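**Q** Sequence plus the predicted model coming up.
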Amino acid sequence: MNNHRFKLFFIIYLTLATLYGCTATHTWELKDMNSEAGPSIETDLNPNSPFCGFVENCKFDLHYFSGKANLADDDRPNVLFIPGGPGEIVDRASERSSATFDPMKIGVNFFYFDVRGTGYSVIPESNVYDQFLRAQYVVEDIEALRKKVLHVCGEGESRAVTKCEPEPAAWDAIYAHSWGTIVAQMYAWTYPKNVKKLILSAPVSRTLKDTDTELARRRKIVDNLIDIYRSYGHAKCSWSEKIRQPRGPGEEVLPETNTFCFLEKDDRDNIHEILTTLLNKLADDYGSTSFVDSLYDELKEKQDLTVKYRYPKEFFRALRQLEWYGAAERKNMKFTSEVMETKFDAAFFIGYYLLLRDKPNLSGPNPRRFSCDTEDADFLWRIDSDNVKRNFCRRINVAEKHLREMRPANQSSRARLVFGVSDGLTRWIFQILAKEGRLDGNGCFTGKEVQDIASGTLLAKQTVMRQEANKLGMAKLEKVCPWDPKPPKSFSQEIQTLIFTGDADPVTAGGQAKYFFDNGLQPGKRVLITFPGAGHRMELQVKDDVGPIGDPFSGLVLAFLNSSSVDQFTQDKTVLKFKEALGAEIFPTQPEKQSNP
């Protein structure tokens, strides 16, 4: 009753305010209420639909921003960045996302946008509108953005008056990471004249016929961990007097504890076996460990995750760090200290928890606060000094603190789920439906399977999967297949393309980048660079003895933008210098003969 009275009072107030001076003379925009929102263009939710305009909420505002752009300078290339995720949001202040390329270091006009359904590019809340969250629609958003930011002459617009550019005013390049490579490839198929080059970082594929990419992913996570143990544990332990002394609570962790010299081959083999078994069981139950990492709290609350698997959230975060940051340093090479500290954190915490004899009960409202226990730490059992053990326990406590306080990437959970499933990228749903025998001969499923999960007809005990499926607005007959970068017969992608990949990237494990190279690109117009030890974030290591060479990643990007052909790029002296400094491999090693159009 009180609520109705309030509403009535509010309506009367607005009416009186309008009558007595508070007239509606202006409509505020998002940028007026948030200074970071920036410019936007009005875009169709369903591009090229004849029904657009007859449906409520047919349009949305696509928000974009630029770095230190100078469109008046004809020598500066115009490059669009497409983030990964899906659902990742580029930080406007730093122009950075999970991909570590720093555009501020080269003279390029970089343009960024909030993908529909992320950041400021909001669409209506109802999941009925999820049908418009598809990579194919983002392609049309990019085309609308091209016409806006490159000032392409519109119908009846005079170049002499407005200084607009006649068609074709193409992007000099599109730079895309992870999921963004799907959109970039689709754009190149659809508008081949409107982009000159593609730069694809950590490209993904889900259609390798002879490879289970989820299994390859799990194996690569384990391989990265064991590589870290082996690389920083080959020398015999020799403890200094300092590490043999007890340390007070406020004293810093000793750098000397960043070693795994106390792990012998039998220990590493034991960890390898335990972690492999654990990851396989998690994948069997939940389709993918990334599903557990993303939905840990829900699984713990609604499905008693921690009753069967007594591992804290920090453990799964540590696994994710091995995906993002990759493996150990190669001989005579160095990652940054920050990257290595992150890898040590992950390796310490995973190893300690895997070998913990009495794992604490994590269920209930007040689980026990983590603290490394020297008496129960089989991970440290070979260390014969109690004080040294305690110092390593301090290091493990610090690792747990870093993992606990780790800030998640800024992203749209809606876009991550909807784009991920609908674009054929998300592994868990394919893995679970394959287990249930609900995929067709091409590994595809339909919206009916999603609806069956949501209703409980399928996977009735998987409460959190039902929750996620219920969020998805998907038509019953819509078909979803694993993402394949190979152009359909009606398309042709013949644009010069540079691929970056890391050989320690679990997300693209199983040869996904090479499949992309072989099947999605044309001979003579493609080049693949593989970086040793790099994970999905593409953090690179550099040889010790090369001296200052600047930012090699940015240098490679700039060299590719300035090259007239991929052959010129692969033979460029600067590129070869970066290749040597980074220990990278460039493929093909010899010029390819271009295929006939």
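**A** Thanks, I have it.
**Q** Who's the closest spatial neighbour of Leu275, skipping the chain neighbours?
**A** Using CB to CB, 6 or more residues apart in numbering and skipping residues adjacent in sequence, the residue nearest Leu275 is Val222, 5.3 Å away. The C-beta positions use only the backbone N, C-alpha and C, and glycine is treated the same way.
**Q** That neighbour reaches Leu279, doesn't it?
**A** Yes. At 7.0 Å, Val222 counts as touching Leu279 under the criterion of CB atoms under 8 Å.
**Q** okay but Arg217 is in contact with Ala509, surely?
**A** Yes. With contact defined as CB under 8 Å, Arg217 reaches Ala509; the gap is 5.0 Å.
**Q** lowest average confidence, helix or strand, in the chain?
**A** Taking mean pLDDT, DSSP states H and E as the measure, the helix or strand of the chain with the lowest value is helix 2-19, at a mean of 49.
**Q** so the most centrally placed residue in the chain, which of the three states?
**A** Central residue of the chain (CA atoms, centre = their mean): Gly85, 3.9 Å from the mean position. Taking DSSP: H, G, I helix; E, B strand; the rest coil as the rule, one finds Gly85 in the coil state.
**Q** for Arg317, same thing?
**A** Put simply, Arg317 is helix when judged by three-state DSSP.
**Q** Is it correct that it is in contact with Pro408?
**A** No. Using CB under 8 Å, Arg317 is not in contact with Pro408; the gap is 9.1 Å.
**Q** Which of those two has more residues huddled nearby?
**A** Arg317 (20 against 9; other CB atoms under 10 Å).
**Q** Identify the residue nearest that one in space, chain neighbours excluded?
**A** Leu403 is the one closest to Arg317 (CB to CB, 6+ apart), at 4.8 Å.
**Q** And Gly583, by the same measure?
**A** Going by CB to CB, 6+ apart, Gly583 has Pro532 as its nearest residue, at 4.9 Å.
**Q** give me the number of residues near that neighbour?
**A** Close neighbours of Pro532, defined as other CB under 10 Å, add up to 19.
**Q** So, low pLDDT: which residues of the stretch 101-250 of the chain?
**A** Where the stretch 101-250 of the chain drops to pLDDT under 70, the residues are 101-105, 155-164, 168, 208-211, 250.
**Q** the helices in it, which residues?
**A** Under the criterion DSSP state H, counting those that start in this stretch, helices of the stretch 101-250 of the chain are mapped to 135-149, 159-162, 179-190, 213-231.
**Q** And for the stretch 451-597 of the chain?
**A** Assigned by DSSP H, counting those that start in this stretch, the stretch 451-597 of the chain shows helices spanning 463-471, 512-520, 552-562, 566-571, 573-582.
**Q** now the angle from the third one to helix 573-582?
**A** The one in question is helix 552-562. Counting by axes from the mean of the first three to the mean of the last three CA atoms, to 10 degrees, helix 552-562 lies at 150 degrees to helix 573-582.
**Q** counting contacts, what elements does helix 552-562 pack onto?
**A** Packing partners of helix 552-562 (3 or more CB pairs under 8 Å, 6 or more residues apart in numbering; DSSP states H and E): strand 173-177, strand 197-201, strand 496-502, helix 573-582.
**Q** Would you mind identifying the next helix or strand past the top helix by length along the chain?
**A** As assigned by DSSP state H, the longest helix anywhere in the chain is helix 265-286. Sequence order places helix 289-294 as the next helix or strand after helix 265-286, per DSSP states H and E.
**Q** Mean confidence (pLDDT) on that following helix, please.
**A** With pLDDT averaged residue by residue, helix 289-294 scores 92.
**Q** what does stretch 49-62 give?
**A** For stretch 49-62, the per-residue pLDDT averages 70.
**Q** start at 826 instead
**A** Shifting the count to begin at 826 puts that one at stretch 874-887.
**Q** end-to-end on it?
**A** From its first residue to its last, stretch 874-887 covers 18 Å (CA to CA, to the nearest Å).
**Q** what about the stretch 1226-1375 of the chain, any weak spots by pLDDT?
**A** Low-confidence segments of the stretch 1226-1375 of the chain (pLDDT under 70): 1372-1374.
**Q** could you redo the last one with a cut-off of 90?
**A** 1231-1236, 1298, 1311-1319, 1369-1375 (pLDDT under 90).
**Q** Helices of the stretch 1126-1275 of the chain, start to end?
**A** Assigned by DSSP H, counting those that start in this stretch, the helices in the stretch 1126-1275 of the chain fall at 1130-1133, 1138-1150, 1162-1179, 1211-1229, 1238-1247, 1252-1260, 1272-1280.
**Q** closest one to Ser1317 among those helices?
**A** helix 1238-1247 (24.6 Å; CB to CB).
**Q** quick one, the closest one and helix 1252-1260 angle?
**A** Using the same axes, to 10 degrees, helix 1238-1247 lies at 40 degrees relative to helix 1252-1260.
**Q** list the helices and strands helix 1238-1247 packs on?
**A** Counting contacts by 3+ CB pairs under 8 Å, 6+ apart, helix 1238-1247 packs against helix 1288-1296.
**Q** So Leu1023 versus Leu905, what's the distance?
**A** Distance from Leu1023 to Leu905, counting by CB to CB, to the nearest Å: 10 Å.
**Q** Name the residues contacting each of these two.
**A** Here Leu1023 and Leu905 have Ala998, Ile999 as joint contacts, going by CB atoms under 8 Å, 6 or more residues apart in numbering.
**Q** what does stretch 1080-1092 contact?
**A** 1053-1054, 1057-1062, 1064-1065, 1067-1068, 1096, 1165-1166, 1169, 1172, 1176, 1205, 1207-1208, 1216-1217, 1219-1220.
**Q** In PyMOL, select just the buried ones from those residues.
**A** Buried members of these can be picked out in PyMOL with the line below, counting by 16 or more other CB atoms under 10 Å:
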select buried, resi 1053+1054+1057+1058+1062+1064+1068+1096+1165+1166+1169+1172+1176+1205+1208+1216+1217+1219+1220
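**Q** And the strands in the stretch 826-975 of the chain?
**A** Ranges of strands within the stretch 826-975 of the chain are 865-869, 884-891, 903-907, 934-938, based on DSSP state E, counting those that start in this stretch.
**Q** Near Tyr889, how many residues? Count them for me, please.
**A** With other CB under 10 Å as criterion, Tyr889 counts 21.
**Q** Tally up the residues packed near the closest residue to it other than its chain neighbours, please.
**A** Distances taken as CB to CB, 6+ apart put Phe938 closest to Tyr889, at 3.9 Å, once the chain neighbours are dropped. By other CB under 10 Å, the residues close to Phe938 number 27.
**Q** same thing with Thr1082?
**A** For Thr1082, the tally of surrounding residues (other CB under 10 Å) stands at 17.
**Q** need the contact list for Pro1313.
**A** By CB under 8 Å, 6+ apart, the contact list for Pro1313 reads Trp1014.
**Q** Ramachandran coordinates for it?
**A** Per-residue torsions, Pro1313: phi -60, psi 160 (degrees, to the nearest 10).
**Q** Distance of it relative to Thr1015?
**A** 10 Å.
**Q** Please enumerate the shared neighbours of the two.
**A** Counting by CB under 8 Å, 6+ apart, Pro1313 and Thr1015 have no common neighbour.
**Q** just to revisit the earlier point, who are the contact partners of the residue nearest to Arg1142?
**A** Here Leu1228 is in contact with Glu1139, Arg1142, Ala1143, Gln1146, Asp1170, Ala1171, Phe1174 (CB under 8 Å, 6+ apart).
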